[in-house]
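> My questions concern the predicted model and sequence given below.
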Amino acid sequence: MTQIRAVPTLIDVAGLPEYPISASVRLDSHEFIAWEFRRFLQSEFRWTADHQVKSIWFDLIQQAHEQTPVGTLPVDHARLARMVQPPVDPVLFSGLAALDIGVLYGWRKCVCDNGDVRLMHDTVTRVVINALSRKELNAARTDGASTQKRLVRLAETLAGIAPAIAMEPAQVRWVDAHIRDAMEADGNKKRTQEQLHGAIQACLEKVCAGFFRKPPK
């Protein structure tokens, strides 16, 4: 028996907005979403849509934060109907989506950096971008604190080997950078004694060459 394969529907991406968040970005540690509640309370959607529509609409917004790219939804109504809990009949979902103010109110097609055509919502996109900004800020703070602790430990180690270097913060940072470059080149996650002593020797050579000489005031 000859099998008949369904021909996928082609979507013209010309003119579609580009989704600003890469498909490679994740918000795995994001356990809450900011909610612009004043905008929602005064919105036409809240005043006009019935409770069933608002319930499904809000459920889909939660689901969007678990999608790829984060903050988007698939275009297919049958898939969207299954995402809602409890699942909605696909025919009913399409009917609710066809309403002027329906379950996909505010959502529009976009093209993602992986080539997929998805649905985006301006408010959800803005919330995700803000969350990513906070995530990057927290990561920078964490990295900064970790770097400072590492430099303190390195200075303590240097105090027993090269005390002159240990007393100069600029030289400690230089030794740290030299060690990390060596670790990256060698592919090891923890510094070795050879890398430590190599960095100290290289730093001493820089000192002799006047690299760390302070300019006259």
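Looks like it arrived, so ask away.

> helices and strands of this structure: which one has the lowest mean pLDDT?
One helix or strand of the chain scores below all others by mean pLDDT, DSSP states H and E: helix 122-159, with a mean of 76.

> Need the contact partners of the helix or strand following that helix.
Proceeding N to C from helix 122-159, the next assigned helix or strand is helix 163-166, under DSSP states H and E. Contacting residues not belonging to helix 163-166 are listed as 155, 156, 158, 159, 171, 172, 175, 200, 203, 204, 207 [CB atoms under 8 Å, 6 or more residues apart in numbering]. The C-beta positions use only the backbone N, C-alpha and C, and glycine is treated the same way.

> Restricting to C-alpha, output helix 163-166 in CSV.
Taking Å, rounded to 0.1, in the frame of the first residue of the first chain, the C-alpha atoms of helix 163-166 are listed here in CSV:
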residue,chain,number,x,y,z
PRO,A,163,56.3,37.7,48.9
ALA,A,164,57.3,40.6,46.7
ILE,A,165,54.7,39.7,44.1
ALA,A,166,52.0,38.9,46.8
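
> For the protein, just list every one of the strands.
Counting by DSSP state E, the chain has strands at residues 72-73, 107-111, 117-121.

> helices and strands around the first one, which ones?
Pointing back at strand 72-73 there. helix 51-64, strand 117-121 (3 or more CB pairs under 8 Å, 6 or more residues apart in numbering; DSSP states H and E).

> Within its sheet, name the partner strands of the last one and how each one runs.
On the basis of DSSP bridges, the sheet neighbours of strand 117-121 come out as strand 72-73 (antiparallel), strand 107-111 (antiparallel).

> Quick check: which ranges of this protein have low pLDDT?
Within the chain, the ranges that satisfy pLDDT under 70 run 1-14, 28-33, 134-145, 214-217.

> what about the strands of the chain, which gets the closest to residue 61?
Set against residue 61 and scored by CB to CB, the strands of the chain come closest in strand 117-121, at 7.3 Å.

> Outside of that closest one itself, which residues are in contact with it?
The contact list for strand 117-121 (CB under 8 Å, 6+ apart) reads 11, 13, 16-17, 19, 61, 64, 67, 69, 71-75, 104, 106-112.

> for it, the distance to its chain's centre please.
18 Å (CA atoms, centre = their mean, to the nearest Å).

> all numbers from here: first residue = 31
Got it, the first residue is 31 from now on, which makes the last one we talked about strand 147-151.

> Just want the angle from that strand to helix 81-94.
Relative orientation of strand 147-151 versus helix 81-94 (axes from the mean of the first three to the mean of the last three CA atoms, to 10 degrees): 110 degrees.
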